[in-house]
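Participant: What follows is a protein structure lacking sequence information:
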């Protein structure tokens, strides 16, 4: 292909041109706006160079919400295309690009940053620490993720989106069948973002193991922190598999190697195998923090300690190990023998058990509790039946012989959305609503919140339950259209109506945020829900150093016990606090990574090589850097504390 | 910064012990990185297409030299850390320098090995086997190369700033990295070369 | 003088050399595949363990539980990945 040809979008359409224009205009508007309000200095000082876990968390959140919008628009387009037989809204190439990016965006650029937002904001607060173990690396994690996401997102305006599915199987993803640079974007952008995630994993494991407040043994940690700990353990052992797999895929496409080709000894099925060795643990990385959030919320609004703390921990430890033992269930039909399929069938069915234990523990927590139906609690109550339905269809799929019927039909699509949406998305929204007052000092509107939760649930049921039916009837996934004679038309139309209702729910969520910013009272104090764990024992807004005095945590509900039994949460006196300095290097190095990625995607070797040298240069500089942070004096702490205490009711 | 003088220098501050644990966790991730490469190697080892097999190109002599060089360098860096704990800056720097030289020697032989393979007709593009062989060896070699420069930078810092809790901490972490690379090499030596030449 | 002499390092080095020599036997001697593999597995894992414990001081601090758990976990998952892949892709295809 002529050098400049590869930059053009291979199959442009009105929608793509429209997107290009709107993105361009938005970027210009943002740049103009920041310049007009003279906020570049503020942005650089307070956000771009920050190493504060709370600020980094909020940047993850904003990115996740933006990507939720993008992935959602993808979804509506897909559903509209399928709502009628022989629809001409999207032709097949465009459809393929949209479902591919929908998957990558929702899983890797929406759900992952959303849970990383919760990790970042909550974990140090829940364990009584002042920051994470490695604040600089934390900033680097975010910016690498951001640049990977950015690189992926420009694909549809320069060069073309990936179109081989979010799983990008070979040989379809190879040079012979995917001739545009779309799949290069896939291989390289996800690689860059993945490095960020791996660093996050190392950071939070170290933080949780080493920085807990005195008195907080591992078995006294809040359940969200346990879930985050286990999820990060899975990250550390699963993401390197993805690193190698993407690297091998990149080499096949850029350097003519034969890892996954169909000639010269290549084994295309090895890609699917390695992808899912990572891919299955990945979905448990997503769901475990969601379970952790539900544990916090259900316990708070049933006004009871979480039932079965030990079994909750044990079940998550079991899930972490089992999650590495089930991967072949994603390709039961790929041609391996009955022995392999039987083994993985059994492990897949076993892994349902610990999750079942957790569901029962939540139900037992509710038993004889004083239940308060706030918005977060409503999401949690909707989660339990909906997720259980998704879980049991998972056991259906686990039976390898039966899976020959379900595999790659809409039944499968229904199953995984059935576990991810009530499981992960509801938890994200519940957690966001729950922790919103701690972060921003006002509550989101309850009425609007409940409407959102109900609309989302109704929309979800209408959108996805029909897919179980059409899947059993034979509708394949990843097919851009179907003929009228199949009879799939009615259920697909119902599905589209459901998707539209979900879209309305998300619009309502955005409106809720706007409405609450404008009208919510600001005098709610620092513990509006009367909650149980340490993150609520901070002021609102949380000061830079989190806790003026390191708390002493003597039970699993340290804050609750302090409130109800009057024990001293902050013994000791004020001392000067050591804090890390801000730094622009994580941002700068990540920008160079972006340039490197871009060079690799388009095989612009000089750019790639110079960027690589730049990255190595940043690392060299870091090695020699002498930066010992700074101290916040006792006087400064006293002033901040007095100011924040004044804001409390 | 509080320094605990009852512990070795590299652990003596809280930040130091955080960094050491964090690095061990990173090594856990590296175990999986190399495990994935080994997984792919064992899967693709016989898929040589029209190209050469391992048995046809592996030579025992350079492999043995590489092994001895790396193993000895692991020994010398151990001596270096031992000297560091005794506060002997000069001995430590000497052992570190020898370690890096041995590492450079290892890399030199590996480059020779790669040139030999290409000369024989086993290139990156030849077959699935050649791709995974050269990628696995190359990944390890790249790690050693990065280690060489990292070690050099630490050596320069010790020269300039002496043995402080920071430089001791960096040196110890570097030694963990270097030992780990030797552990990986043990598996490469056994299951790629020796098994291939059995 | 005794604590100045790096006894552990020297012993570790000598043992590693011996283990390497034993491993080399599979190249220089004629032996069946199973015996050869057993020799390689034993020498490799023992030497790796030696590096971990003696050279890398894995058991030295009060983080040792976390460090050992980390290594065991990584090892288990590595072995699962290797053998699971071989099962699915080669042996049971």
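Facilitator: Cool, the structure landed. Quick caveat, the model's predicted, so the values are computed rather than measured. Numbers count the residues shown, from 1 in each chain, chains lettered A, B, ... in the order given.
Participant: which residues of the chain score low on pLDDT?
Facilitator: Using chain A here. A:1-2, A:646-649 (pLDDT under 70).
Participant: right idea, wrong chain: chain B
Facilitator: Using pLDDT under 70, chain B drops low at B:1-2, B:5-6.
Participant: And the strands in chain A, which stretches?
Facilitator: Ranges of strands in chain A, per DSSP state E, are A:577-579, A:630-632.
Participant: The last one and chain B, are they touching?
Facilitator: Think strand A:630-632. No: judged by CB under 8 Å from any CB of the partner chain, strand A:630-632 stays clear of chain B, getting no closer than 10.3 Å. To be clear about C-beta, it is placed using only N, CA and C from the backbone, and glycine gets the same treatment.
Participant: what's in contact with that strand?
Facilitator: A:544, A:545, A:576, A:577, A:578, A:579, A:581 (CB atoms under 8 Å, 6 or more residues apart in numbering or on different chains).
Participant: near chain A, which residues of chain C?
Facilitator: So far as CB under 8 Å from any CB goes, chain C lies against chain A at C:63, C:66, C:73-74, C:76-77, C:80-81, C:84-85, C:87-89, C:92-93.
Participant: got the buried residues for the helix or strand harbouring residue B:155?
Facilitator: Applying DSSP states H and E as the criterion places residue B:155 in helix B:128-161. Applying a neighbour-count criterion of 16 or more other CB atoms under 10 Å in any protein chain shown, one finds B:128-137, B:139-141, B:143-145, B:147-148, B:150-155, B:157-158 buried in helix B:128-161.
Participant: now do stretch C:79-93
Facilitator: Result for stretch C:79-93 [16+ other CB under 10 Å]: buried residues C:80, C:81, C:82, C:84, C:85, C:87, C:88, C:89, C:92.
Participant: filter these down to the ones near chain B?
Facilitator: Counting by CB under 8 Å from any CB, the members of those near chain B are C:81, C:82, C:85, C:89.
Participant: which SS state does the residue of chain B found nearest chain A fall under?
Facilitator: In chain B, the residue that lies nearest chain A is residue B:47 (3.2 Å; CB to the nearest CB). What DSSP: H, G, I helix; E, B strand; the rest coil gives for residue B:47 is coil.
Participant: who's in contact with the residue nearest to it when sequence neighbours are not counted?
Facilitator: Once flanking residues are discounted, residue B:47 sits nearest to residue A:265: 3.2 Å by CB to CB, 6 or more residues apart in numbering or on different chains. The contact partners of residue A:265, by CB under 8 Å, 6+ apart, come to A:258, B:44, B:47, B:48, B:49, B:51, B:127, B:128, B:129.
Participant: Just read off the phi/psi values of the residue of chain B closest to chain A.
Facilitator: phi -90, psi 80 (degrees, to the nearest 10).
Participant: if I read this right, it contacts residue B:126, doesn't it?
Facilitator: No: using CB atoms under 8 Å, residue B:47 is not in contact with residue B:126, being 11.0 Å away.
Participant: Tell me which of the two has more neighbours.
Facilitator: residue B:126 (24 against 20; other CB atoms under 10 Å in any protein chain shown).
Participant: So that one belongs to a helix, correct?
Facilitator: No: counting by three-state DSSP, residue B:126 is not part of a helix but coil.
Participant: dump the residue contacts of it.
Facilitator: Residue B:126 neighbours (CB under 8 Å, 6+ apart): A:258, A:264, B:49, B:51, B:52.
Participant: before we move on, what about residue A:13?
Facilitator: A:91, A:94 are the contacts of residue A:13 under CB under 8 Å, 6+ apart.
Participant: for chain C, which residue is closest to the average position?
Facilitator: residue C:45 (2.2 Å; CA atoms, centre = their mean).
Participant: Relative to residue B:194, how far out is that residue?
Facilitator: 14 Å (CB to CB, to the nearest Å).
Participant: Could you pull up the residues touching the closest residue to residue A:202 other than its chain neighbours?
Facilitator: Counting by CB to CB, 6+ apart, residue A:202 lies nearest to residue B:25, which is 4.8 Å off, once chain neighbours are set aside. Neighbour list for residue B:25: A:201, A:202, A:205, A:206, A:236, C:70 [criterion: CB under 8 Å, 6+ apart].
Participant: cool, and residue A:307?
Facilitator: By CB under 8 Å, 6+ apart, residue A:307 lies in contact with A:361, A:362, A:364, A:365, A:367.
Participant: Excluding sequence neighbours, find me the nearest residue to residue C:39.
Facilitator: Per CB to CB, 6+ apart, closest to residue C:39 is residue C:26, 5.5 Å.
Participant: State the mean pLDDT of the helix or strand hosting the one you found.
Facilitator: Using DSSP H and E, residue C:26 falls within helix C:7-28. The predicted model assigns helix C:7-28 a mean pLDDT of 92.
Participant: For it, name the packing helices and strands.
Facilitator: Applying 3 or more CB pairs under 8 Å, 6 or more residues apart in numbering or on different chains; DSSP states H and E, one finds that helix C:7-28 contacts helix B:60-85, helix C:33-50.
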